[in-house]
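K.L.:
Please work out how this folds:
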Amino acid sequence: MEEEPIRIPITDVFDLHTVPPRDVKAVVEEYLLEAHRLGFKALRIIHGRGIGVQREIVRSVLARASFVAGFADAPAEAGGWGATIVTLK
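P.N.:
Numbering: from 1, shown residues only. Next comes the predicted model:
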């Protein structure tokens, strides 16, 4: 039996702390597509500091998305290197 997808509200901030590590890539891909479809121009993806594994997964997805104009570490007050700020085209 296939699990029903979990519906999450799409906002300009996405916190990955509730996403199992094995699902991060697929969830971020879907989030980006939906945020782009909804017309968002700026996003913040919170991946946590840790050892950087989720950060690298997030950034590899961002680097491949044709509608991502750029991304960088969030400012210190918005999570620093524990979050990535994304600009969409």
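
K.L.:
Isn't Glu29 up against Ser60?
P.N.:
No - with contacts counted by CB atoms under 8 Å, Glu29 stays clear of Ser60, the gap being 10.4 Å. Backbone N, C-alpha and C define where each C-beta goes, glycine included.

K.L.:
What are the contacting residues of stretch 51-64?
P.N.:
Stretch 51-64 is contacted by residues 16, 21, 24-25, 28-29, 32, 45, 47-48, 68, 71, 81, 84, 86 when judged by CB atoms under 8 Å, 6 or more residues apart in numbering.

K.L.:
Buried residues in that stretch, which are they?
P.N.:
54-55, 57-59, 61-62 (16 or more other CB atoms under 10 Å).

K.L.:
Distance from the chain centre to stretch 29-36, please.
P.N.:
Offset of stretch 29-36 from its chain centre (CA atoms, centre = their mean, to the nearest Å): 8 Å.

K.L.:
any idea of the pLDDT on Pro5?
P.N.:
On the pLDDT scale, Pro5 is placed at 66.

K.L.:
avg pLDDT for stretch 22-31?
P.N.:
95.

K.L.:
mind listing what's buried in it?
P.N.:
In stretch 22-31, counting by 16+ other CB under 10 Å, buried: 24, 27-28, 31.
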